[in-house]
Structure formats: structure tokens, C-alpha cells
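> build the 3D model from these lines:
(chains A, B and C)
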Amino acid sequence: MVVVVRVAIVWMRNILRVHDNPLLTWASSRDDLDAVIPLIIMDPDRGFGSTKLMGSARMRFLHDSLIDLSDCLSRDYGADLTILSGRAKELIPMTVKSLNGMVKWVLCDYVQDPESREEIYRIHRSLSDLGVKTKVFPAVNTLLDIEANTKDDEYENPKSTKDMDKILTRSLGITTEGYLVPKPLKPIEKINYCQDLVNNLNGSDFLRGRIVTRKYLATFPEQINTLGRYFPGGESEAIDRLRRKVIERPEFVNRFSKPSTASTNDPNNPLEPSTTGLSPYLSTGCLSIRLLWEECRKANEGKEHTQPPKSLQGQVIFREMFYLLSRSVDNWDNDVENINCKPILWGDYDKDMLTAWEDGMTGFPFIDAMMRQLDETGWMHHLGRHAVSCFLTRGQLWQHWKYGRDIFEKKLVDSDWAVNNGNWLWLAGVAPFSMPYYRVYNPCPDSKSSLNVETEEAEFIRHWVPELASFPSKFIFEPHLAPIEVQNTSGCIIGQDYPWPIVDRKESRRLNLSLFKESLERE
DNA sequence: GGATCCGTTGTAGCT
DNA sequence: AAGCTACAACGGATC
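Have a look, this model is predicted:
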């Protein structure tokens, strides 16, 4: 019998996977460790990862993911996943104490938001007092080491693809093949697991009432609405989706390019994104960003393909940019003391407008369709997010971007603090990125340019705004302009069965442009 | 150092 | 009906 004396706790903060998991790889390759305890902490007050506000879609996704992770660990490695509920800064030291001096290491993944950094700093301090080493793994969910890069003397806040090219080249290196992104780690062969230790934890007085069982986890997702289940959480689904959307479609990767109009979803399935739909998996660490990068590289190898910023890899680069900025720009999620946020005198909080926007009752079918899709599924196409955030802020409603940001953070299944704030700063026109404020998205893209797109978008609206299901495409973007006979035959009277537009879109655009300009000139 | 260019994805209106 | 032009007009990079 092996005497267990040297234990590593592998605390997975925002990495819900076994593949390309540097923590598990490190822990399972050390000769000076006898056992590994995989650990997850669910903090009801902190949300998950860097996401504080969690709506039902993300909550459900998280539960799915934990069940999958737990099953994967026990199936492939015979290891149980320990899940605790409460505050990490209390629970980690309690767990260490429960194991009577056997814990030598606490490993975790780096999370870059201020609260998460503060949390790990405190834990590091209290573990030092207990003689336990803490090891924080950088670049677990990013290509770049965020901390090292933002501390580099040469680092300047990136604002464009060009700036990112400089940073990626400097940090990773580059060849004719592209940036030297590290390859995903090889699958680990075994995890040194010790059931007795986990039994100790389960029976620990310190942790009484804090253990979350798999059985409890499994009951939660059942309570969530059915459409919200469109993205099943978990590493298994992430890998499968990567196969379906990327690996088996190299030509899709080669040609990937953001459309110029908001072409949102698969025309044959209003639930299916026209993009990869991998964001929920990336945001929770169910999918390794390096694995996605590698599969894109393979798909493009030897083929003609699009380049950043348009390409799929280009999208990943923007994600890296937001991760860097969210670390280097103080008050990234605020409009004061944020050098990345221009001060704009937004209108007073207008409950009616915000409610109409959130509920998909603005009278603008394209906007409403996307907001209803968000509410039911937790997902919205990237360009749809552009359209609705522009609409809420500088476009039509002149409301502060923070209100929209919070609603997104709560409802999105792929909620991500760095990316969500970054995109709102960008779309509200307050960030110093290339977004001339007078470029306002038309909330009624009536697609004179392409009949194809019109049909897709009209079908999308018919699905999510069923009041308009029988409306002809010609009027579906602005149904209030349809003659009353058309409204009658379509069974939808505007102002009665579906709202009249809450603003005059051209008038509000004109006014808001001038208000925006005034705010800029005041500076 | 002033002019010009350009920015991951614009809009409206005319022909 | 696709393509052009005018709009409105920022701010940093580049020449």
C-alpha cells in the first residue's frame, strides 16, 4: 500500500475540460506528488470564471459542463471531481486543512479580471501561511500570457489588427506558417487519484454542507426552459461541435469572413448559428483555444484562405485583444477612470425603453427577433449583437451602454467579462477603436443589395417574432409601413398585435449623432 | 508638420 | 437591381 503524503489540489477556475489541460498535465507528470484532487468551486456570489451575473442559460450550461467533466474524469481516469459551493478564499484553505498537512500544491488557471486576481492573491497569501505552494498557470484560456504581455516594457494597449500582429509576433514568434502558437498538449495517460483522500474531504467537518453532488447538479438543468438547452454544456459537446463546425468543414474555415449585413443564422434552422457557435465552450474553458487555433491552421494549410481580421483566426485574435485590454486598462468595465471610454452624456435611464429593448418589444422586428432569441437560447449572432447594442446606445435609444452590457452578461450563454465589455465599448462608439461614431447600423436592414439575405432575415424574424409570421418580406422589417389591408390579411395589426416603433429611427439617428458630437466637443 | 489615408464589418438615395 | 455617390466627419498613422 502506498502511503499518500504529497497531494496537489487542481483547482479548475475557468477550465472545464481534460484535453489540453496544463494543470492536470503538470500534476500527473510529477514524481514528487502522490495524489491529485480535481476541484471545482461554485461561488453563488461570484458567478463563474469572470462572469458575475448568471442567467438561466449560462447556469444550465455550467451544470451540464460540470456533469460532463465529472463523468469524463471518472470514466477515463477513475477520478472523482470534487465540487464545493461557497467562497474560494474560504474553501481552499479549509480543504487544505481537512487533509492534515498532506497538500503541497494548489494549482489553478489564471483569470484576468480584477476580482479573480484579488481572490487568488488572498488565497496565495493564506496558503503560504500553511506552507502550501500556489501555482497559477498562465495562458490556459488564451494564446497569450496576459500577465506577462501586459507587464512587458514594450506593451502598449492594442487597438487594431496591426497592433495585435506586433504583440503576437513578439510574444509567440512567427514563421511563414503563421504565429508559433503552442500546440495543444498530448492527452494525459493517468491521474494519480486516491479515493480515500476524497472520502476524507466528504467526511470533513470543515466542509460539511459545502459538497455539491453529481446528483444535485443533474437536477438543475431539468428546470431550465427547453430552448435554453440548445447548446449542451461540456467538453464532450465542445469537441464534437469543433468536429462538425471546423474540422469537417475546411472550406468554411478557408472562406470565413464576416458578412457585410447581419446574416444571423442558418436559414434552415433558426436555432443554428451561421458561425461556429463555439463561444459558449471557449468562455467556460470547455474547449481549448489552442485546439481551435490548431484546427484552423490545419484547415488552412496549403490552401488559399482569408486573413485576419476577417478570418476565423482573426476572431480569436480580437478575443486576445480584449483579454489584454481588460487587464491593462483600469476600470475596463466602467465609464469613469477608463482611458478606453470617452465620456458621453447618455440619456437618463428610461425604464420603458430598456424594458422594450430587453423584451424584444421595440417595434423593430429585426432587433426584437434577436433580443427574443437571446432571451430564449442565450445566444445571438455577433453582428446581431452589434445591431442591438448600437440600437440601444448611439443609434436609436441613447441609453447608457452599461445597461445593455449587464443584460448581455446575464443572458448570454457565452458570457465573458473581457469580451462583453470590450464589444459594448466598441459598439457604443466610446472606445478608441476604429469606430467612427456616425456609422450607425440600420435596425431595418431591408437588403436592397441581396434577395438572398432578405429571405433569410425575413424567415429569421418570422420565427422569433411569430406575430409577424404571415407578414410579406416586403414589409417585415418595418411592418408599420404596411398598408392596413396587408396588416389585416397578415393577421397582425401594428400598434395592437405588435408594437408601433418606439422611436422614429431616422430622427433618433440624426439627433443622437449630434448629441454624440456635442459630448465629444465638450471634452 | 500639414495633408491624406484608413479603419474587422455604415446609411440613404439615386440611377 | 447592383453600384455609385453623398453623407457625416473621428482620430491615429503615415507620408
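> tell me the contacts of A:Cys492?
Contact criterion CB atoms under 8 Å, 6 or more residues apart in numbering gives A:Glu467, A:Leu468, A:Ser470, A:Phe471, A:Pro479, A:Tyr498 as the residues in contact with A:Cys492. Any C-beta I mention is one placed from the backbone N, CA and C, and that applies to glycine too.
> so the first one touches A:Asp497, yeah?
Just to be clear, that refers to A:Glu467. Yes: under the criterion of CB atoms under 8 Å, A:Glu467 lies in contact with A:Asp497, with a separation of 5.3 Å.
> where along chain A do the strands fall?
Remark: strands of chain A, listed N- to C-terminal, are A:7-11, A:35-42, A:82-85, A:103-109, A:133-137, A:174-175, A:178-179; assignment by DSSP state E.
> return the most buried member of the ones you listed.
Burial of the strands of chain A is given as mean neighbour count (mean count of other CB atoms under 10 Å); strand A:7-11 ranks first at a mean of 26.
> count of residues packed around the nearest residue to A:Glu518 once chain neighbours are set aside?
Nearest non-adjacent residue to A:Glu518, counting by CB to CB, 6 or more residues apart in numbering: A:Leu345, 7.6 Å away. A:Leu345 is flanked by 11 other residues according to other CB atoms under 10 Å.
> what of A:Val413?
The number of residues near A:Val413, taken as other CB under 10 Å, comes to 28.
> ok, the nearest residue to A:Pro308 once chain neighbours are set aside - contacts?
In space, not counting the residues next to it along the chain, A:Pro308 is nearest to A:Gly314; the distance is 3.2 Å by CB to CB, 6+ apart. Applying CB under 8 Å, 6+ apart to A:Gly314 gives the contacts A:Thr161, A:Thr306, A:Gln307, A:Pro308.
> buried subset of those as a PyMOL selection?
The following PyMOL selection, which keeps only the buried ones among the contacts of A:Gly314, applies the criterion 16 or more other CB atoms under 10 Å:
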select buried, chain A and resi 161+306+308
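> just the contacts of A:Gly314 now: which is nearest DNA strand B?
Within the contacts of A:Gly314, proximity to DNA strand B (CB to the nearest atom of the strand) peaks at A:Thr161, which comes in at 4.7 Å.
> what's near enough to touch the closest one?
A:Pro308, A:Pro309, A:Gly314, A:Ile317.
> hang on, the earlier thing: tell me the contacts of the residue nearest to A:Glu518?
For A:Leu345, the contact set (CB under 8 Å, 6+ apart) comprises A:Leu515, A:Glu518, A:Ser519, A:Arg522.
> if I look at it, how far off is DNA strand B?
Applying CB to the nearest atom of the strand, to the nearest Å, the value for A:Leu345 to DNA strand B is 21 Å.
> which strand residues bridge A:Val10?
Beta bridges link A:Val10 to A:Pro38, A:Leu107, judged by DSSP bridges.
> pLDDT wise, what is it at?
At A:Val10, the predicted lDDT confidence score is 98.
> just checking, it touches A:Ala27?
Yes: with contact defined as CB under 8 Å, A:Val10 reaches A:Ala27; the gap is 5.4 Å.
> shared neighbours of those two, anything?
Common neighbours of A:Val10 and A:Ala27, using CB under 8 Å, 6+ apart, are A:Val36, A:Leu107.
> quick check: phi and psi on the nearest residue to A:Tyr193 once chain neighbours are set aside?
Sequence neighbours aside, A:Ala79 is the residue nearest to A:Tyr193 in space, at 3.9 Å (criterion: CB to CB, 6+ apart). Note on A:Ala79: backbone dihedrals following degrees, to the nearest 10 are phi -110, psi 140.
> how about the helices in the stretch 101-250 of chain A?
Counting by DSSP state H, counting those that start in this stretch, one finds helices in the stretch 101-250 of chain A at the ranges A:114-129, A:146-151, A:161-172, A:195-202, A:214-219, A:235-242, A:250-255.
> deepest-packed of those helices, please.
For the helices of the stretch 101-250 of chain A, average neighbour numbers computed from mean count of other CB under 10 Å are highest in helix A:235-242, which has a mean of 20.
> contacts for it next, please.
With CB under 8 Å, 6+ apart as the contact definition, helix A:235-242 has outside contacts at A:16-19, A:64-65, A:68-69, A:72, A:231, A:276-278, A:281, A:286-287, A:291-292, A:295.
> which ones among the residues you listed map onto helices?
A:Asp64, A:Ser65, A:Asp68, A:Leu69, A:Cys72, A:Tyr281, A:Leu291, A:Leu292, A:Glu295 (DSSP state H).
> now the last one. Nearest residue, chain neighbours left out?
Read it as A:Glu295. For A:Glu295, the closest residue by CB to CB, 6+ apart turns out to be A:Val246, at 4.9 Å.
> that neighbour: neighbour count?
As a burial measure, the neighbour count of A:Val246 was computed by other CB under 10 Å and equals 21.
> give me the residues contacting stretch A:78-89.
Under the criterion CB under 8 Å, 6+ apart, residues A:11, A:13, A:36-46, A:66, A:69-70, A:73-74, A:91, A:95, A:119, A:122-123, A:126, A:191, A:193, A:195, A:198, A:201, A:207, A:210-213, A:217 lie in contact with stretch A:78-89.
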